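# show me the folded form of this:
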Amino acid sequence: MNIDDGRVVSNFIAQAIRNEPLTVQLPGTQTRSFCYVSDMVDGLFRLMEGENTGPINIGNPCEFTMLELAEAVKELINPEVQISMVENTPDDPRQRKPDITKANEQLEWEPKVKLRDGLPLMEEDFRQRLGVPRKN
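Residues are numbered from 1 along each chain as shown. Below you'll find the model as predicted:
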């Protein structure tokens, strides 16, 4: 994942590493679902290697508000960073949550990596690329 690609997880992790405020768009209650790359790749391989056709959602149905995500990043990566509420864009969706019923039933697939387990893995990758060591 690109560090400055504009996605909320990469934004929050990069901001926390750089000791910049985590910018949460108002109202902060909009939800997203996050799927760790190893889970996504596993699901895609199962889909490509199988006989199933048609749309099958591969993702993680666990929803988090943007404020919950910011608080998790703060807790796990930089407890001293501030959370800043900013104006939202008019086209920001209120909810994103995939229905993975078909993936579960037809591919026997479901995500395994929980958000709180994936964030520190991303942090280490981002720290290496940014050249910012972890404080002890």
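# contact partners for the most centrally placed residue in the chain?
Centroid check for the chain by CA atoms, centre = their mean gives Phe34 as the closest residue, at 3.9 Å. Neighbouring residues of Phe34 by CB atoms under 8 Å, 6 or more residues apart in numbering: Val9, Asn60, Cys62, Phe64, Leu69, Leu115, Gly118. Using the backbone N, CA and C atoms, a C-beta is placed for each residue, glycine as well.
# gap between the second one and Lys97?
What it means is Asn60. 9 Å (CB to CB, to the nearest Å).
# what touches both of those two?
Shared contacts of Asn60 and Lys97 (CB under 8 Å, 6+ apart): Ser33.
# returning to what we had before: which of the contacts of Phe34 count as buried?
Neighbour counting over those (16 or more other CB atoms under 10 Å) leaves Val9, Asn60, Phe64, Leu69, Leu115, Gly118 as the buried ones.
# closest to Leu26 among these?
Of all these, Leu26 sits closest to Leu69, with 14.5 Å by CB to CB.
# what about the strands in the protein?
In the chain, strands defined by DSSP state E lie at 22-25, 31-33, 63-65, 83-86, listed in chain order.
# nearest to Lys135, of the ones you listed?
Nearest of the strands of the chain to Lys135, taken as CB to CB: strand 22-25 at 17.3 Å.
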